[in-house]
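Participant: Have a look; sequence and predicted model below, questions after that.
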Amino acid sequence: MTPGYFPGNILFLTIFLAANAFFFYTVYKLYKIMLLGKPEDRFGQYGERIKSVLEFVFGQKRVLREPSGIGHFLIFWGFVVITIGSIETFGVGIYHNFSYEPIIGKFLYNLLYFIQDIFCAAVLVALAVALYRRFVIKPLRLESDDPKATKLDAVIIIGLIAVLIILLFGSRATDAQLYAKGEGKYFPPLAIISQILSLAFSGASVDTLKFWSTFFWWAHTIIILAFLVYIPFSKHLHLLAAVPNVFFRRLGPIGELSKMDLEDEEAESFGIANIEEFTWKQLLDLYACTECGRCAENCPATLTEKPLNPKYVIHHMKEHLKKKGELLIENKGNGSGEENVDSQGTGEGETEVKSELEKSLIGDVVSKDTLWSCTTCGNCMENCPVFIEHVHKFVDMRRYLVLTESDFPAEVATVFRNWETNSNPWGIGFSQRGDWAKDLPVKTLSEDSNVEYLLYVGCSGSFDDRGQKVAKAVVRLLHEAGVSFGILGVEEKCCGETARRIGNEYLFQMMAADLVETINGYGVKKIIVTCPHGYNCFKNEYPQFGGEWKVYHHTEVLDKLVRDGMLKPTKDINRNIVFHDSCYLGRYNSVYEQPRNVIKAIPGTVLSEMDRHRHKSFCCGAGGGRMWMEETLGNKKINDERTEQALRCNPDIIGVACPFCTTMFEDGLKAKDLEENIKVYDIAELLAMSVEFKK
Ligand code: SF4
Ligand code: SF4
C-alpha cells in the first residue's frame with residue numbers, strides 16, 4: 001500500500017493506541033470474569049491440543065461438514081489474510097514508506113498480494129451469500145429469540161467486513177495507478193483484481209490519486225479499528241475465544257461426566273446454582289459461541305418445540321455471565337459485597353444491579369423445563385464447531401436441583417426409590433435378576449469365573465420382556481461362536497448411568513462403587529454390554545471408580561465374530577432395514593460401522609439410512625433419564641418424530657442396538673397402529689434370525 005499522503009502519523013498513532021487500549025481493557029475484563037470460574041485441569045497433551053486447533057480452527061473441519069460451511073471457511077481465511085495485510089497498513093500509518101516488499105522480496109510480495117486479492121474477492125461473494133441465507137432463506141438454526149438484536153449484529157459485522165474489503169480494493173487500485181504513473185512505492189503486478197480496478201482511475205491526475213489513496217487508507221484503517229473495538233461486545237467475541245476453547249477442549253471421552261466430590265464437608269450445596277460456580281473452561285465455552293445454531297439444528301428438544309434451544313441457553317448464560325461477572329468483580333474490589341449497587345450515585349442503578357446479581361441461574365436464566373427437556377443426546381456437542389460442552393453444564397445444574405433442592409419431576413421419585421431398593425428402575429425384586437438366563441447355556445461368574453468375557457445385560461436385559469429377548473439372542477450367538485463368557489446373574493446390579501444423567505450423583509456413585517467391587521472381585525478383564533448407556537458408563541465413567549476393563553458393545557463383538565467366520569448368517573431375511581444410531585453408541589463412542597456391517601452381512605437385506613443418521617442421528621427421546629419422565633411439552637413426542645423419520649424409508653424393520661431405542665420405536669409404531677406391519681429388532685436378534693444354529 002502506498003504511504004498515506006495525509007500527514008497524519010501522530011493522529012493515526014493516537015487513534016490506534018486508544019482503540020487498542022480500549023480493546024485490551026475490555027478483553028482483560030472478560031478474562032477476569034472467566035477466572036471467577038472454578039479450577040479445572042485442561043492442561044497437558046499439548047501436541048494433541050495444537051493438532052486440534054490446526055484441524056478444527058484453521059482446517060474448519062466441523063464447519064466444512066456441510067456445503068454452507070464453505071462460506072464460513074472463506075470468510076475465516078479471508079479474515080486471516082486481511083489481518084496480515086492490516087499489519088502492513090498500520091505500518092504505513094507509522095512510517096509512510098513501510099512495505100513488506102523489502103522484507104520478503106518481490107516474488108513473495110507479489111504472491112501475497114495475489115492471494116490477498118483472490119481471498120478478498122471470495123469473501124465478498126461469501127458475505128453476499130451469508131446475507132442471502134440470513135435474510136432470504138432464513139435457516140432454522142439462525143433463528144434467534146431476540147431477532148432484532150441478532151439481525152443488527154449480523155448486519156454490522158457483515159457490513160463492516162464488506163466495507164473493509166471494498167476500501168482495501170480502493171486503496172490498492174489507487175496505489176497501483178500511482179505506481180504506474182511513476183509515483184509512490186512498488187505495487188505488485190500480480191495483484192490482478194486491484195490492477196484491473198485501477199483502470200477505473202487511469203484518467204485521474206496524480207494529485208487526485210493521492211487524495212483518494214489517502215482517503216481509502218484512512219477509511220480502511222478506521223474501520224479495522226472500529227471492528228477491533230466492537231468484537232468483544234458482539235457474537236464475534238468468538239474470534240478471540242474459539243482458539244483457546246478448541247485448544248483446551250476435552251480430549252478424553254466426551255461421554256464422561258465429571259465425578260463430584262460428595263465428601264466435601266465445606267460444600268454448602270452440590271451441583272451448579274450460580275454461573276460463577278462453573279469451571280473457567282465452562283465459562284470460556286460461553287464466550288466461544290459463534291451463535292451459528294448448529295447445536296439446535298438437530299436437537300430433538302428444539303425440533304419438537306420443547307422449551308430448550310441449546311444455542312439460546314448458551315447465549316443467555318453468556319449475557320448473564322458478562323453482566324453478573326462484572327458486578328461481582330466490582331464488588332470484590334471495594335469489599336462492599338452486594339451493597340455496592342449504585343456506582344453512579346443516581347439511585348437508578350440500584351434496581352438494575354440488584355436484579356442482575358439476584359437473578360438465579362436456574363429459573364431466571366435457564367428454566368427448569370429447559371433442563372429437564374434435554375435427552376443428553378450429545379448432538380449439540382458433536383456439531384458445535386468450537387467444542388462447547390452443553391450436556392455437562394445441564395447435568396451440573398440438574399445435580400443442584402436433585403442433590404440440593406430435591407427438585408425433580410415427580411415421576412422420577414419412584415424410579416429413584418426403585419433403584420435404591422432393588423437396583424432397577426421398575427422396582428422388581430433384585431433376587432429375580434438372573435432368572436432370564438435360567439435355561440440358557442451360560443453360567444454365572446460365581447459358578448465359573450474362568451471366562452474371557454463378562455456379559456452384562458443391564459436392567460432391560462434382566463427384567464424387560466423385550467430386553468430379555470435381546471439378551472437371549474446375544475447369549476445364543478456367543479455360545480454358537482464358542483466365546484467364553486459368563487454373567488453376574490443375581491449379583492448383577494444397575495450401572496446407574498441414568499441416575500447420573502438425571503443428576504442423582506450420590507445414588508450413581510453408590511451404585512458404581514458397588515458394581516465395580518463385584519466385577520473386580522472376579523478379576524474380570526473384558527466386558528460385553530448390551531445397552532449403549534451401560535456401555536458408555538462402563539467404558540468411560542467407571543475408570544473413575546477403579547473399573548479398568550476392555551468394554552465392548554455386543555454389536556462390536558458380533559461384527560467381529562461374523563467377519564472372522566465364527567458366525568455365519570446364511571438365512572435370507574429379505575427385508576428393508578432402516579438402522580437407527582443410538583446416541584450413546586454412535587455419537588458418544590463412534591460405533592457406527594459395526595451394526596451396519598452385521599446388517600449388510602445378512603443375506604437379502606437392504607440397509608436404508610434416514611436423512612439424520614450417524615453423527616447427525618436424531619435421538620429416540622429416551623436418554624438423559626427422559627425414558628422415566630412424562631413428555632408433556634412441545635408439539636410432538638420425540639419418539640413419534642423419530643419414528644416418522646424412519647417411516648420415510650418405507651422399512652419392513654427398524655434396526656436398533658439399544659433397549660431404550662427399541663421401546664421408543666415400538667411405542668412410536670403403536671401410536672400409528674403400525675406395530676403389526678413394521679417390526680423393531682436389535683442387531684443381535686436380526687443376526688440370530690439369519691444364523692443356522694448348530695449348538
Ligand atoms: S444433548 Fe441433545 S437434547 Fe440436549 S440440548 Fe443437546 S441436542 Fe438438545
Ligand atoms: S453452542 Fe456451538 S453450535 Fe451452538 S450456536 Fe454456539 S457455536 Fe454454534
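Facilitator: Good, I have the coordinates. A quick note: this is a predicted structure, and the numbers were derived from the prediction, not measured. Numbers count the residues shown, from 1 in each chain. Ligands and ions are numbered 1, 2, ... in the order given.

Participant: In which helix or strand does the most centrally placed residue in the chain reside?
Facilitator: Central residue of the chain (C-alpha atoms, centre = their mean): Met381, 1.6 Å from the mean position. Taking DSSP states H and E as the criterion, Met381 maps to helix 379-383.

Participant: Do a quick rundown of the strands in the protein.
Facilitator: According to DSSP state E, the chain carries its strands in the segments 443-444, 453-456, 485-487, 526-529, 550-553, 576-579, 606-608, 653-656, 679-682.

Participant: hmm, back to that, quick one: the helix holding Met381 to chain centroid distance?
Facilitator: Centroid separation for helix 379-383 versus its chain: 3 Å, with C-alpha atoms, centre = their mean, to the nearest Å.

Participant: which secondary structure elements does that helix contact?
Facilitator: helix 294-297, helix 390-399 (3 or more C-beta pairs under 8 Å, 6 or more residues apart in numbering; DSSP states H and E). Backbone N, C-alpha and C define where each C-beta goes, glycine included.

Participant: for the ones you listed, which one sits closest to ligand 2?
Facilitator: helix 294-297 (3.1 Å; C-beta to the nearest ligand atom).

Participant: Let me see the contact set for the residue nearest to Leu35 when sequence neighbours are not counted.
Facilitator: Leaving aside its chain neighbours, Leu35 sits nearest to Trp280 (6.1 Å; criterion: C-beta to C-beta, 6 or more residues apart in numbering). By C-beta atoms under 8 Å, 6 or more residues apart in numbering, the residues touching Trp280 are Met34, Leu35, Leu36, Gly37, Lys38, Pro39, Glu40.

Participant: nearest to ligand 2, of the residues you listed?
Facilitator: Using C-beta to the nearest ligand atom, the contacts of Trp280 come closest to ligand 2 at Met34, 16.6 Å.

Participant: anything in stretch 130-150 near ligand 1?
Facilitator: No: using C-beta under 6 Å from any ligand atom, stretch 130-150 stays clear of ligand 1, with a minimum separation of 11.9 Å.

Participant: show me where the stretch 101-250 of the chain has helices.
Facilitator: Using DSSP state H, counting those that start in this stretch, the helices of the stretch 101-250 of the chain run over 101-132, 147-180, 192-198, 206-230, 238-247.

Participant: Quick one: mean pLDDT for the second one?
Facilitator: Averaged over helix 147-180, pLDDT sits at 90.

Participant: Now do that helix: which elements does it pack against?
Facilitator: So helix 147-180, by 3+ C-beta pairs under 8 Å, 6+ apart, packs with helix 69-94, helix 101-132, helix 192-198, helix 206-230.

Participant: Asp465: which of these is closest?
Facilitator: Using C-beta to C-beta as the measure, helix 69-94 is the one of the helices and strands packed on helix 147-180 that comes nearest Asp465, at 45.6 Å.

Participant: how near is the residue lying farthest from the centre of the chain to ligand 1?
Facilitator: The outermost residue of the chain relative to its centre, with distances by C-alpha atoms, centre = their mean, is Ser205 at 56.5 Å. The gap separating Ser205 from ligand 1 is 62 Å, by C-beta to the nearest ligand atom, to the nearest Å.

Participant: Same question for Gly621.
Facilitator: Taking C-beta to the nearest ligand atom, one finds Gly621 at 9 Å from ligand 1.

Participant: likewise Lys600?
Facilitator: 29 Å.

Participant: list the contacts for Ala288?
Facilitator: So Ala288 contacts His238, Ala241, Ala242, Pro244, Asn245, Val246, Val386, Phe387, Ile388 (C-beta under 8 Å, 6+ apart).

Participant: quick one on the thing from earlier: tell me the confidence at the residue nearest to the centre of the chain?
Facilitator: 98.

Participant: Tell me if I'm right that it and Lys393 touch.
Facilitator: No: applying C-beta atoms under 8 Å, one finds Met381 not in contact with Lys393, separated by 10.4 Å.

Participant: Next, the buried residues of stretch 601-608.
Facilitator: For stretch 601-608, a neighbour-count test (16 or more other C-beta atoms under 10 Å) marks Ala601, Ile602, Thr605, Leu607, Ser608 as buried.

Participant: near ligand 1, which residues of the protein?
Facilitator: Going by C-beta under 6 Å from any ligand atom, the residues of the chain near ligand 1 are 299-301, 308, 310, 374-380, 390-391, 619.

Participant: Swap in 8 Å and give it another go.
Facilitator: 295-296, 298-302, 308, 310, 313, 373-381, 390-391, 394, 583, 619, 623-624 (C-beta under 8 Å from any ligand atom).

Participant: Could you measure from Glu579 over to ligand 2?
Facilitator: Not quite, residue 579 is Phe, not Glu. 26 Å.

Participant: surely that residue meets Arg614?
Facilitator: No: between Phe579 and Arg614 there is no contact under C-beta under 8 Å: 9.8 Å.

Participant: So for those two, which sits in the more crowded spot?
Facilitator: Neighbour count, other C-beta atoms under 10 Å: between Phe579 and Arg614, Phe579 has more, with 26 against 16.

Participant: Indicate which one of the helices and strands packed on helix 147-180 is closest to Lys560.
Facilitator: Of all the helices and strands packed on helix 147-180, helix 69-94 comes closest under C-beta to C-beta, at 35.1 Å.

Participant: Quick one: distance of that closest one to the chain centre.
Facilitator: Counting by C-alpha atoms, centre = their mean, helix 69-94 is centred 28 Å from the centre of its parent chain.

Participant: Tell me which other helices or strands that helix touches.
Facilitator: helix 9-34, helix 101-132, helix 147-180, helix 206-230.

Participant: who's in contact with the shortest one?
Facilitator: The reference is to helix 206-230. Outside helix 206-230, the residues within contact range by C-beta under 8 Å, 6+ apart are 1-2, 4-6, 8, 12, 15-16, 19-20, 22-23, 26, 86, 89-90, 92-93, 156-157, 160-161, 163-164, 167-168, 170-171, 174-175, 177-178, 181, 183-184, 201, 204, 236.

Participant: got the buried residues for that helix?
Facilitator: For helix 206-230, burial by neighbour count (16+ other C-beta under 10 Å) applies to 209-210, 212-221, 223-225, 227-228, 230.
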